[in-house]
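Asker: sharing a model that was predicted from the sequence below.
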There are 2 protein chains.
Amino acid sequence: MTTASKTVSDVIHSHLGVLTRAEKQLAESLLDNYPVSGLGSITTIAENAGVSTPTVVRMVQKLGFKGYPDFQARLHLEVEATISNPIAKHDRWAQNAPGTHILNRFADAIMGNLRQTLTDLDTATFDSVASLLSDRKRGLYFVGGRITGALAEYFFTHMQVIRPATTLLSSNSSSWPQYALNMNAGDILIIFDIRRYEQEMVSLATAARKRGAEIVVFTDQWGSPAAKLARHTFRVRIEAPSAWDSSVVTLFIVEALIEAVQNSTWDETKERMKTLEGLFEQTKLFRKPG
Amino acid sequence: MTTASKTVSDVIHSHLGVLTRAEKQLAESLLDNYPVSGLGSITTIAENAGVSTPTVVRMVQKLGFKGYPDFQARLHLEVEATISNPIAKHDRWAQNAPGTHILNRFADAIMGNLRQTLTDLDTATFDSVASLLSDRKRGLYFVGGRITGALAEYFFTHMQVIRPATTLLSSNSSSWPQYALNMNAGDILIIFDIRRYEQEMVSLATAARKRGAEIVVFTDQWGSPAAKLARHTFRVRIEAPSAWDSSVVTLFIVEALIEAVQNSTWDETKERMKTLEGLFEQTKLFRKPG
DNA sequence: ACTGTCATGAAAAGAAATTTTCAGCGGATG
DNA sequence: CATCCGCTGAAAATTTCTTTTCATGACAGT
């Protein structure tokens, strides 16, 4: 066979370029939860992928197999190889990585963090924050520290598209008092502050509270001192097998919040995004293509 | 179903006593190399076991299954459970949250992304990139787009602490040519570019290549055009139940890389970090947790 | 030895899967 | 705007799989 030593996954990847729309759709479906997704009959996988059975036949033939049975036989071999390997037995998803590889240890840790964080997290808090952030009458201010500044920026960039009146505070704390001065009652200050808490953060939070602003804090399980001044606090697990803390779960919550806000204000956001897209497109028109 | 919570293997074992000779022979064959041996058609497994197909039907019905397809469907589920990872098992997650809550839907999606990404990811690529980034003789340049700029910044912030000669390119592409001009042969350009690929990224990558720089690209499963110019490419799953793509898994890989680099250059890094800590303490910008 | 019971597989019948055919549709091109 | 080309899925044709039927043979009890 021409596809001798490569895995079906490899073959699919190497053919992605020559696949048509429906075939790509099928390929995605197969690669998702690979290789188990290819265990069933041609009818089943066609249905799962939302394409017709002829499309399946055409694709597997395009990939170099004689027909669907040929394709499936190959998949079965791969499943067998995977399962029969005692090392891979429990860790198929990291099959390429030795058990002690940093990727695996990281994945374990992050999974634990996510599970723990979600267990501890009150969905009412999440929903309340989403609701606060959806209120367009409130100004939003984002601030983070040395490391968490990137998270604040990420959150800010998205919210800026979704709604007006969003402000990103510089990571440099010397300019913070000026921002606090501009806050109005009902505005929201979103603080990212994990260990090695920044002292200035408390001053900023205090000033914001005096101006009547609500405070939302993303911190770690030990809690930023600024959390005492907050209306809502997200305590996120940040432990990783590393000298550094992990921001993965924090980013996870940020993204979920972005979607929650976007979803609850979709009607208002839609037009806004369209306009913005137009602006981006226009800007690109004036540049030379690469 | 009567055989609800037990595995097929359990069911077979508990029925061994009531099986006839040919059925026992079949059962042995199935348990040998279980559960993969049950992947094929009824004809196949009958042949492998040296019995007739009616024997197979009779046995699976004796075991409590409706017929062979029922039996096989169950086996497929077990194969899937065996192959899939702990990540997929989210039973106890977010107990406080309804199954349809955005947090849970997001968690599902991110878990899938992580699993898929790790499955597709070659650890050799990861290790090669970690090794490249550990080479202090090479200058590092980080660049991202509108959304991914925050990721580039996050990566940069950490690497800046760990090693010298790191540069963060502005998100504004107009300044990129100047950076390219400063690159030397062997320098590394780390590009973050997910869909809505930025056209200028290709120009930058081309310019960097001309200067002899190596390119590492973080992109999505569809692949940034800049990936064609890259020495190494990370294809990360970014799908989320959201109007926006998810950067969680990308951040995961970034953090793992940070640790890998830090770990491989610890001796050199240690002193550097101590010095930096001292500087931070001195300026009282950062405090220890209280 | 006779008889009844049960296991077993060959073969037929039935069901389902796989492949092929073909018409419609939509985007590309002139 | 017309034409072409290739993708796509409905449906038919074909192949394969699954189940049922039934004849045979082994064995236990009479």
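Answerer: Sure thing, it's come through.
Asker: what about the helices in the stretch 101-250 of chain A?
Answerer: Remark: helices assigned in the stretch 101-250 of chain A by DSSP state H, counting those that start in this stretch are A:102-120, A:123-134, A:149-162, A:176-182, A:199-210, A:248-264.
Asker: residues in contact with residue A:49?
Answerer: Residues counted as contacts of residue A:49 (Cβ atoms under 8 Å, 6 or more residues apart in numbering or on different chains) are A:25, A:26, A:28, A:29, A:30, A:56. For glycine as for every other residue, the C-beta is placed from the backbone atoms N, C-alpha and C.
Asker: gap between it and residue B:154?
Answerer: For residue A:49, the distance to residue B:154 equals 35 Å [Cβ to Cβ, to the nearest Å].
Asker: can you check residue A:143 too?
Answerer: Residue A:143 is 16 Å from residue B:154, by Cβ to Cβ.
Asker: which residues of chain A lie near DNA strand C?
Answerer: Applying Cβ under 7 Å from any atom of the strand, one finds that chain A approaches DNA strand C through A:41-44, A:53-54, A:56-57, A:60, A:66-70, A:72.
Asker: of those residues - the most surrounded one?
Answerer: residue A:60 (26 neighbours; other Cβ atoms under 10 Å in any protein chain shown).
Asker: returning to what we had before: what's the closest of the helices of the stretch 101-250 of chain A to residue A:235?
Answerer: Checking these against residue A:235 by Cβ to Cβ gives helix A:102-120 as the closest, at 6.4 Å.
Asker: how about the closest one and chain B, touching?
Answerer: Yes. Helix A:102-120 lies within reach of chain B by Cβ under 8 Å from any Cβ of the partner chain, at A:102, A:103, A:106, A:107, A:110, A:111, A:114, A:115, A:118, A:119.
Asker: which residue comes closest to residue A:126 once chain neighbours are left out?
Answerer: residue B:103 (6.2 Å; Cβ to Cβ, 6 or more residues apart in numbering or on different chains).
Asker: oh, I was asking about residue A:197
Answerer: Nearest residue to residue A:197 in three dimensions, chain neighbours excluded: residue A:224, at 4.8 Å (Cβ to Cβ, 6+ apart).
Asker: thought residue A:244 was touching residue B:259?
Answerer: Yes. Between residue A:244 and residue B:259 a contact is recorded at 6.9 Å, counting by Cβ atoms under 8 Å.
Asker: let me have the helices of the stretch 101-250 of chain A in a markdown table, extended by mean neighbour count and mean pLDDT.
Answerer: Converted to a markdown table, the helices of the stretch 101-250 of chain A look like this (neighbours: other Cβ atoms under 10 Å in any protein chain shown; pLDDT from 0 to 100):
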| stretch | mean neighbour count | mean pLDDT |
| --- | --- | --- |
| helix A:102-120 | 20 | 84 |
| helix A:123-134 | 18 | 94 |
| helix A:149-162 | 23 | 95 |
| helix A:176-182 | 14 | 92 |
| helix A:199-210 | 19 | 93 |
| helix A:248-264 | 24 | 95 |
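Asker: DNA strand D: which of these is closest?
Answerer: Ranking those by their distance to DNA strand D (criterion: Cβ to the nearest atom of the strand) puts helix A:248-264 first, at 28.4 Å.
Asker: the closest one vs helix A:123-134, what angle?
Answerer: The directions of helix A:248-264 and helix A:123-134 differ by 60 degrees, with axes from the mean of the first three to the mean of the last three Cα atoms, to 10 degrees as the criterion.
Asker: chain center to helix A:248-264, what's the gap?
Answerer: How far helix A:248-264 lies from its chain's middle: 8 Å, per Cα atoms, centre = their mean, to the nearest Å.
Asker: contacting residues for residue A:130?
Answerer: A:257, A:260, A:261, A:264.
Asker: need the contact list for residue A:186.
Answerer: By Cβ under 8 Å, 6+ apart, the neighbours of residue A:186 are A:137, A:138, A:212, A:213, A:214.
Asker: what is the neighbour count of the fourth one?
Answerer: Around residue A:213 sit 21 other residues, with neighbours defined as other Cβ under 10 Å.
Asker: and for the last one?
Answerer: By other Cβ under 10 Å, the residues close to residue A:214 number 20.
Asker: that one and residue A:189 touch, don't they?
Answerer: Yes. At 7.3 Å, residue A:214 counts as touching residue A:189 under the criterion of Cβ under 8 Å.
Asker: okay, and the common contacts of the two?
Answerer: With Cβ under 8 Å, 6+ apart, residue A:214 and residue A:189 have no common neighbours.
Asker: could you chop chain A up by domain?
Answerer: The domain map for chain A lists A:8-94, A:105-280, with the assignment taken from automatic domain parsing.
Asker: circling back: near DNA strand D, which of the residues of chain A next to DNA strand C show up?
Answerer: Within the residues of chain A next to DNA strand C, those near DNA strand D by Cβ under 7 Å from any atom of the strand are A:53, A:54, A:69.
Asker: could you tell me which of these are located in helices?
Answerer: A:53, A:54, A:69 (DSSP state H).
Asker: from chain B, how far off is the residue in the stretch 101-250 of chain A that DNA strand C sits nearest to?
Answerer: Using Cβ to the nearest atom of the strand, the single residue of the stretch 101-250 of chain A nearest to DNA strand C is residue A:161, 27.5 Å away. Going from residue A:161 to chain B by Cβ to the nearest Cβ, to the nearest Å gives 9 Å.
Asker: I'd say that residue and residue A:273 touch.
Answerer: Yes. Using Cβ under 8 Å, residue A:161 makes contact with residue A:273 at a distance of 6.2 Å.
Asker: extract the CA atoms of the strand ranked longest in chain A and return them as CSV.
Answerer: Counting residues, the longest strand found in chain A (DSSP state E) is strand A:214-220. C-alpha atoms of strand A:214-220 as CSV (Å, rounded to 0.1, in the frame of the first residue of the first chain):
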residue,chain,number,x,y,z
GLU,A,214,-17.3,47.9,41.8
ILE,A,215,-14.3,45.7,41.9
VAL,A,216,-13.8,42.2,40.4
VAL,A,217,-10.7,40.3,41.3
PHE,A,218,-9.0,37.4,39.6
THR,A,219,-6.5,36.0,42.1
ASP,A,220,-5.1,32.7,43.3
